[in-house]
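[1] how would this look folded up:
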Amino acid sequence: MRQITILGFATICLALLLSGTAADPATTTRSYLVLTEGSVTPAEVADGVARAGGTIVRTIPQIGVLVVSTTDTRFAERASTVAGVEAVTPNLPVRSALGIGTDETLDSIGASYSFEDEWMAQAVNPPNPAEDDPLFDAQWNLDAVDAPEAWDTGERGADARVFILDTGIAVNHPDLAPNLNLALCKSFVPGEPVDPVLTQPGRPLPFFNHGSHVAGIIAAADNAFGTIGVAPETEIVAVKVLSSVLGFGWTDWIADGIVYAADNGADVINMSLGGVVRHRGYLENMGTPGDPSDDIWVSANEVAADLNLWKRALQYANKKGVTIVVSAGNGFTDANQDQDAIIVPAQLPYVISISATAPVRWAYDQTTNLDEKAPYSNFGPSLVDLSAPGGAFDRTLLPWTLVSVGRVTGPDIAFDGVFNASPGGWFWVSGTSMSAPHVSAVAALIISKNGGSMKPSRVYAALKASADDIGSSGRDGFYGHGRVNAYEAVR
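    The predicted structure follows:
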């Protein structure tokens, strides 16, 4: 039986941005989003927008939005006066740096195994038949949310569909392919297919891919191979809205992805992404960090328009019956302390925002508390609805040493992270990006148990009612209504 080969420890800063087309310094081309009034359609304002100096790239008619490209510095001013136009805003890069003023940093430790390694087929004395995936032993997060107990009731999420708006998914990964609806997968990132392996051809495997890891937490298959997800029979769909090459996306890609998911039978949308805007306006870098020539001032009116666009997309999905789960962010920030800042989309209507929990030194004691506050997680009663495992790496253990937990051998510091799939193998990672998919998966279990269709308000009520009340009694600023419990949710 072969041991896991550890490739090494790395800290990955995934400034996963969310917004339009990157600025071209040579032409100073900018992308804008034009919002129409009331029932006015994009087609009805198209001529006026063109006369104002804009080239219409495409429209999102379901939410009354035109995506416009222009080199005219006065375009926004002119387009705002067009009859039927409600507002104009720059197509903003909303970074996945969810801390207020702090870049999101996701720590990752790479563990690689060949899919053909003979030990992969071994399932030595699994705890019960539902847990025969050989890397299950490294998944403390499943114990934290009582996932195996939920599976033992017979509920595995087979009648639910989760859309994952992220950096794509490794479509041929043996843990992800069985539950992936490849026909519905779609990329809104120009020139990039959904599969990060195709997006980055020739890149040595394994490599970390955010969307694949999120997908594995939700629905890695129960196939006696690798890891297993919280809802191991739930159908997943990859919607690529963040570039896995550039490390960012644009707001119109996100809005398109939300609408696409809502129009294609999503029961749940998972968005482990977000950003921070300021009500009174702020200086925003438009895709070239460190280059002041790519900075623009976003006015208070433009911020309001940007928030309105997000709300339109989220409301559209909500009305279509979609439960939307998002990460709370990784800046260890009290969201209630800065009234000028708003974390998007975590502080917007129609979403369920998730903070992160983690154990400390779990590799040495599997009975330790799994619900410690993750040291990076944002918090605050205006932000957090529920909590779930996000993992954290205990820096006091550095330099790390190799330890074994069941059939998995790795650095002791790694085991407090969340372990799941990525192209070519598996990674330990920590972040609220990892906590959100646990809740999406439990929501899928609830929806599946109730016949495959359920109002978002009922899903949220069931999540709250079944969560374990940890921290202060009742709702509190860090855990929200509690840490989700898959068993109680389906029992």
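[2] And the strands in the stretch 351-491 of the chain?
    Secondary structure of the stretch 351-491 of the chain by DSSP state E, counting those that start in this stretch: the strands cover 352-358, 372-373, 386-389, 402-405, 408-411, 418-422, 425-429.
[3] which residues touch the second one?
    Strand 372-373 is touched from outside by 355, 357-360, 379, 392, 478, with contacts defined as C-beta atoms under 8 Å, 6 or more residues apart in numbering. For the C-beta atoms, the positions are set from N, CA and C on the backbone; glycine is no exception.
[4] residue contacts, the most centrally placed residue in the chain?
    By C-alpha atoms, centre = their mean, the chain has its centre lying nearest to S272, at 1.6 Å. The contact partners of S272, by C-beta under 8 Å, 6+ apart, come to 96, 166, 210, 214, 326-327, 431-434, 436-437.
[5] Give the burial count for the closest residue to it other than its chain neighbours, as a bare number.
    In space, and not counting its chain neighbours, S272 is closest to S433: 3.6 Å by C-beta to C-beta, 6 or more residues apart in numbering. S433: 33 surrounding residues under other C-beta atoms under 10 Å.
[6] go on, V237?
    By other C-beta under 10 Å, neighbour count at V237 equals 26.
[7] Let me know the average pLDDT across the helix or strand it falls within.
    Per DSSP states H and E: V237 is located in strand 235-240. For strand 235-240, the mean per-residue pLDDT is 98.
[8] Need the residues that contact that strand.
    So strand 235-240 is contacted by 160-169, 171, 176, 179-181, 184-189, 192-194, 211, 215, 218-219, 257, 260-261, 264, 266 (C-beta under 8 Å, 6+ apart).
[9] could you redo the last one with a cut-off of 6 Å?
    161-165, 168-169, 179-181, 184-187, 189, 194, 215, 219, 257, 261 (C-beta atoms under 6 Å, 6 or more residues apart in numbering).
[10] ok, and the helix or strand in the chain with the lowest average confidence?
    One helix or strand of the chain scores below all others by mean pLDDT, DSSP states H and E: strand 5-12, with a mean of 26.
[11] After that one, which helix or strand is next? Please name it.
    Following strand 5-12 in sequence, per DSSP H and E, is strand 30-36.
[12] how far is that following strand from where the chain is centred?
    Centre-to-centre, strand 30-36 and its host chain are 25 Å apart (C-alpha atoms, centre = their mean, to the nearest Å).
[13] Sheet-wise, list the partners of that strand with their directions.
    Partners of strand 30-36 in the sheet, by DSSP bridges, are strand 65-70 (antiparallel), strand 85-90 (antiparallel).
[14] can you give me the offset of the first one from its chain's centre?
    Computed by C-alpha atoms, centre = their mean, the chain-centroid distance of strand 65-70 equals 26 Å.
[15] how about that strand as PDB, C-alpha atoms only?
    Extracted in PDB, the C-alpha atoms of strand 65-70 (Å, rounded to 0.1, in the frame of the first residue of the first chain):
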ATOM      1  CA  VAL A  65     -29.000  45.100 -17.900                       C
ATOM      2  CA  LEU A  66     -26.800  46.000 -20.900                       C
ATOM      3  CA  VAL A  67     -23.100  45.300 -20.900                       C
ATOM      4  CA  VAL A  68     -21.400  48.100 -22.800                       C
ATOM      5  CA  SER A  69     -17.900  48.900 -23.900                       C
ATOM      6  CA  THR A  70     -16.600  52.400 -24.500                       C
END
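[16] Now do the buried residues in the next helix or strand after that strand.
    Where DSSP H and E defines the elements, the next helix or strand beyond strand 65-70 is helix 75-79. Neighbour counts over helix 75-79 (16 or more other C-beta atoms under 10 Å) mark 75-76, 78-79 as buried.
[17] about what we covered before: may I ask you to confirm that the residue nearest to S272 is in contact with A328?
    No: when contacts are counted by C-beta atoms under 6 Å, S433 is not listed as touching A328 (10.1 Å).
[18] And the helices in the stretch 351-491 of the chain?
    Under the criterion DSSP state H, counting those that start in this stretch, the stretch 351-491 of the chain contains helices at 432-449, 456-466, 486-490.
[19] Dump the ones you listed to CSV, plus distance to S69.
    Shown next, in CSV, are these (distance: least, C-beta to C-beta, whole Å):
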stretch, distance to S69
helix 432-449, 30
helix 456-466, 34
helix 486-490, 45
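[20] In the record's domain split, what are the boundaries for the protein?
    Domain ranges of the chain: 5-16+104-490, 30-90, per automatic domain parsing.
[21] which of those domains sits most buried?
    domain 5-16+104-490 (a mean of 21; mean count of other C-beta atoms under 10 Å).
[22] picking that back up, columns distance to T28 and mean pLDDT on top of the strands paired with strand 30-36, output as CSV?
    Shown next, in CSV, are those (distance: least, C-beta to C-beta, whole Å; pLDDT from 0 to 100):
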stretch, distance to T28, mean pLDDT
strand 65-70, 10, 98
strand 85-90, 13, 97
